[in-house]
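> Here is the input, now give the coordinates:
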Amino acid sequence: QVQLAESGGGLVQAGGSLRLSCAASGHTFSRSLMGWFRQAPGKEREFVASISSTNVRTTYADSGKGRFIISRDNAKSTVYLQMNSLKPEDTARYYCAASKLGWSQSLHDYSYWGQGTQVTVSS
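Have a look, this model is predicted:
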């Protein structure tokens, strides 16, 4: 059984930074495409960033380009999302997810999900 566990969320002022972590167990992490998604109240879950299994390719939603950095440590089976210059509109629950595909931004292509971690950015 695949398990993903996010951590690192919290309350931060606008302009601040947070680093989210997602620890994976029970599957071949090093061969999985990993992604971060977020969902704000009343909105659909949306893509934030993804990183290929080999650490070669990263993709970002326009909302996070230049501010967010996704990375992974296959030895620790962990994926990270460094979020800088946070804005109130970044407030959401952030989820990590794993996919068997080589690359995708669609949440429908991700088979495994964590429970999420809440990020709240105050103005």
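> In space, not sequence, find me the middle residue of the chain.
Centroid-nearest residue in the chain: Trp36, 2.3 Å away (criterion: Cα atoms, centre = their mean).
> Number of residues surrounding the spatially closest residue to it that is not a sequence neighbour?
Take Trp36 and drop its neighbours on the chain: the residue closest to it by Cβ to Cβ, 6 or more residues apart in numbering is Val48, 4.2 Å away. Every residue, glycine included, has its C-beta placed from N, CA and C. By other Cβ atoms under 10 Å, 25 other residues sit near Val48.
> Val48 sits in which helix or strand?
strand 46-51 (DSSP states H and E).
> Just the buried positions in that strand, please.
Neighbour-count burial for strand 46-51, counted by 16 or more other Cβ atoms under 10 Å, picks out Phe47, Val48, Ala49, Ser50, Ile51.
> Just name the closest of the residues you listed to Ser77, please.
Ile51 (13.3 Å; Cβ to Cβ).
> From Ala40, how far off is that closest one?
23 Å (Cβ to Cβ, to the nearest Å).
> gap between the residue nearest to Ser122 when sequence neighbours are not counted and Leu86?
Nearest residue to Ser122, sequence neighbours excluded (Cβ to Cβ, 6+ apart): Gln13, at 5.4 Å. Per Cβ to Cβ, Gln13 is found 8 Å from Leu86.
> More neighbours: those two, which one.
Set Gln13 next to Leu86 and count neighbours by other Cβ under 10 Å: Leu86 wins out with 21 against 10.
> List the contacts of the more buried one.
Leu86 makes contacts with Val12, Ala14, Gly15, Gly16, Ser17, Leu18, Arg67, Val119, Val121, as judged by Cβ atoms under 8 Å, 6 or more residues apart in numbering.
> again, only using 6 Å
Val12, Gly16, Val121 (Cβ atoms under 6 Å, 6 or more residues apart in numbering).
> got the buried residues of strand 46-51 as TSV, with pLDDT and distance to Ser71 columns?
Putting those into TSV (pLDDT from 0 to 100; distance: Cβ to Cβ, whole Å) gives the following:
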residue	pLDDT	distance to Ser71
Phe47	98	17
Val48	98	13
Ala49	98	10
Ser50	98	12
Ile51	97	7
